[in-house]
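Peer 1: Give me a 3D structure for the following:
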Amino acid sequence: MSIRYRKNIDCLTTNELHDLREALSGIYLLPASNPNSFARQATFHGGPPVSYCRHGAPGFFTWHRAEVKAFETALQSVRCDVMLPFWGWSTGPSTGIPSACRVPNYVDRAGATVPNPLYAGPRNAGGMTTRSPSADTTAFDDLATSIQSAMTEPSFATFQSLVNGPHGSVHGRVGGDMCCVPTASFDPIFFLHHANVDRIWARWQSLHPGTLPANEAAWELPPFNRPFTTQWQQGSDVESTEALGYRYRTFCFFLPPIRIWEVFAIEWTPKLSAVFGTARLMFKSRRMQDRAMEVRLFINDPDATARTKTIGNPAYAGVAGFMGHGVSVEVDPSHCRECLALGHDHEHAHHQDHPTGHDRALNAEEAFDVALDFTNALRKVHQRDDRVSLKLVAVDLDGNEVAADDFAVDEIELVIE
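Peer 2: Predicted coordinates:
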């Protein structure tokens, strides 16, 4: 199983935030009879007809981990590459709920102003959820301090109790529907909050491995042990986040968009120095390259070109290669029937363009990630210089320059952790 990362919602790229909102809006529209619908997922916590949630021992951490994973899976039924982010109220000084959750409307990819699904969710009793008027300005610093203190507690039972208190305070400070068990999970911020509670437990697990008590391991996880999610029978089935296919990424950069041929700088702060273990550039796209090419990375060489040598050049930091998939053409509507036959469940309107080749047809709606690791090169440069600039150079198979507009990638993300 491949491992994917849940990120702080404040660290999501523009495209990632669009994906999240589109996925959330999508499950809002599903009928309650659909296991992936928001209506079904939200009722697991507080009902009706049955409230399954655990707020004591055993089962608080394990049940909510299963709940959050089930919700993430529901989002992925609409957008397969979405990962549920967390609200990092415990990561340091913070005021108010995340900015992405504060506004009632936002501008979507098409440029239209539409309701923000992170602002409010549909209640089972009708209408939309509400929050306290002070939720945008309430401080959470004291709760972050409490969580940091709890991390040194070696006992699972005691640690779970210590986290439960700040967890409840977050519910109360957000207010409105979030403060009450029967309605809390109908506010979409509930799932971001509980993703953070899960992250806190995962961090504690890394410091205290193998500490899940027998009663917690054997505790059943209804309704997630029902037929449609039979892999989560009891607490031991959700003990490992990696076994469930995810990890958490806490640190993030706030950089302007990274583009081919443009120089961008990294400000080497003490916080960055403390967290630096690996460095990667992630190329993300739902489009395929028409022709084969590679992207070369140079450090502290703003004048690098397609002719800049790589062998023996200390500024050269690595390369990422991309295969060609043929020329794109406008898609015929009948092709979507072929996609459905191949198991691709998407709407025709989602197509930007479509390939003539079979390979690209199979991948038309699938996201891809290509990583360029430059850890060693960055470490060597950082040892002698606190000023770091990066430049990406795209070349074809003959070593000729590829223009930025001819490189089909939606986003380039810098990941240092």
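Peer 1: Flag the shaky bits of this structure, pLDDT-wise.
Peer 2: 1, 47-51, 226-230, 252-257, 325-368 (pLDDT under 70).
Peer 1: which residues in the stretch 251-400 of the chain form helices?
Peer 2: Secondary structure of the stretch 251-400 of the chain by DSSP state H, counting those that start in this stretch: the helices cover 270-275, 335-341, 358-362, 375-384.
Peer 1: Quick check: the gap between Thr130 and Ser99.
Peer 2: Shown here: Thr130 relative to Ser99, a distance of 18 Å by C-beta to C-beta, to the nearest Å. For every residue, glycine as well, the C-beta is placed using N, CA and C.
Peer 1: Among these two, which residue is more densely surrounded?
Peer 2: Comparing Thr130 with Ser99 by other C-beta atoms under 10 Å, the one with more neighbours is Thr130, at 15 against 11.
Peer 1: How about the contacts made by that one?
Peer 2: With contacts taken as C-beta atoms under 8 Å, 6 or more residues apart in numbering, Thr130 has the following neighbours: Ala120, Gly176, Asp177.
Peer 1: ok, and the most crowded of the residues you listed?
Peer 2: Neighbours were tallied for each of the contacts of Thr130 (criterion: other C-beta under 10 Å), and the maximum of 24 neighbours falls on Asp177.
Peer 1: Could you double-check that it sits in contact with Thr183?
Peer 2: Yes. With contact taken as C-beta atoms under 8 Å, Asp177 and Thr183 are classed as touching, separated by 4.0 Å.
Peer 1: shared neighbours, those two?
Peer 2: Common neighbours of Asp177 and Thr183 (criterion: C-beta under 8 Å, 6+ apart): Arg123, Thr129.
Peer 1: count of residues packed around Asp136?
Peer 2: For Asp136, the tally of surrounding residues (other C-beta under 10 Å) stands at 16.
Peer 1: Same check on Pro122?
Peer 2: Pro122 is surrounded by 17 other residues when neighbours are defined as other C-beta under 10 Å.
Peer 1: same check, this time on the one 3 residues further on
Peer 2: Applying the criterion other C-beta under 10 Å, we find 9 residues in the vicinity of Ala125.
Peer 1: and it, what does it touch?
Peer 2: Contact criterion C-beta under 8 Å, 6+ apart gives no residues in contact with Ala125.
Peer 1: Could you measure from it over to Phe38?
Peer 2: Going from Ala125 to Phe38 by C-beta to C-beta gives 14 Å.
Peer 1: now do Leu372
Peer 2: With the distance defined as C-beta to C-beta, Leu372 ends up 37 Å from Phe38.
Peer 1: So those two - more neighbours on which side?
Peer 2: For Leu372 and Phe38, the more surrounded residue by other C-beta under 10 Å is Phe38, and the numbers stand at 27 against 20.
Peer 1: Can you tell me how far the residue nearest to Ala139 when sequence neighbours are not counted is from Ile147?
Peer 2: Distances taken as C-beta to C-beta, 6 or more residues apart in numbering place Thr95 nearest to Ala139, at 5.2 Å, with adjacent residues excluded. Computed as C-beta to C-beta, the Thr95 to Ile147 distance reads 17 Å.
Peer 1: More neighbours: the two, which one.
Peer 2: Neighbour totals were compared for Thr95 and Ile147, and Ile147 leads with 22 against 11 (other C-beta under 10 Å).
Peer 1: Name the residues of stretch 299-318 that are buried.
Peer 2: Of the residues in stretch 299-318, those buried under the neighbour-count criterion (16 or more other C-beta atoms under 10 Å) are Ile299, Asn300, Asp301, Ala304, Thr308, Ala315, Tyr316, Ala317, Gly318.
Peer 1: what's the closest of those residues to Glu262?
Peer 2: Relative to Glu262, the closest of the buried residues of stretch 299-318 is Ala304; by C-beta to C-beta it sits at 11.5 Å.
Peer 1: what pairs with the residue lying closest to that closest one once chain neighbours are set aside across the strands?
Peer 2: Distances taken as C-beta to C-beta, 6+ apart put Phe298 closest to Ala304, at 4.0 Å, once the chain neighbours are dropped. For Phe298, the beta-bridge partners are Tyr316, Lys391 (DSSP bridges).
Peer 1: Wait, Phe298 touches Lys309, no?
Peer 2: No. Taking contact to mean C-beta under 8 Å, the distance of 10.5 Å between Phe298 and Lys309 leaves them out of contact.
Peer 1: Just the endpoints, please. Distance across stretch 30-46?
Peer 2: Taking C-alpha to C-alpha, to the nearest Å, the span from the opening residue of stretch 30-46 to its closing residue is 19 Å.
Peer 1: any residues touching that stretch, and which ones?
Peer 2: Under the criterion C-beta under 8 Å, 6+ apart, residues 24, 27-28, 49, 51-53, 67, 70-71, 73-74, 77-78, 121-122, 124, 180-186, 190, 223-224, 228 lie in contact with stretch 30-46.
Peer 1: Can you flag the buried ones in the residues you listed?
Peer 2: Buried among the contacts of stretch 30-46 (16+ other C-beta under 10 Å): 24, 27-28, 52-53, 67, 70-71, 73-74, 77-78, 121-122, 124, 182-186, 190, 223-224.
Peer 1: pretty sure Val107 contacts Pro115?
Peer 2: No. With contacts defined as C-beta under 8 Å, Val107 does not count as touching Pro115, sitting 11.7 Å away.
Peer 1: higher neighbour count, those two?
Peer 2: Remark: of Val107 and Pro115, Pro115 carries more neighbours, 16 against 11, as counted by other C-beta under 10 Å.
Peer 1: What sits closest to that one if chain neighbours are left out?
Peer 2: Nearest non-adjacent residue to Pro115 (C-beta to C-beta, 6+ apart): Asn105, at 5.9 Å.
Peer 1: From Asn116, how far off is that neighbour?
Peer 2: 6 Å.
Peer 1: More neighbours: which of the two?
Peer 2: Asn116 (20 against 11).
Peer 1: Distance of the more buried one relative to Arg379?
Peer 2: If you go by C-beta to C-beta, the gap between Asn116 and Arg379 works out to 41 Å.
Peer 1: Could you do Ala23 as well?
Peer 2: Distance, Ala23 to Arg379, using C-beta to C-beta: 37 Å.
Peer 1: Please say which of those two ends up with more neighbours.
Peer 2: Comparing Ala23 with Arg379 by neighbour count (other C-beta under 10 Å), the higher total belongs to Ala23, at 22 against 13.
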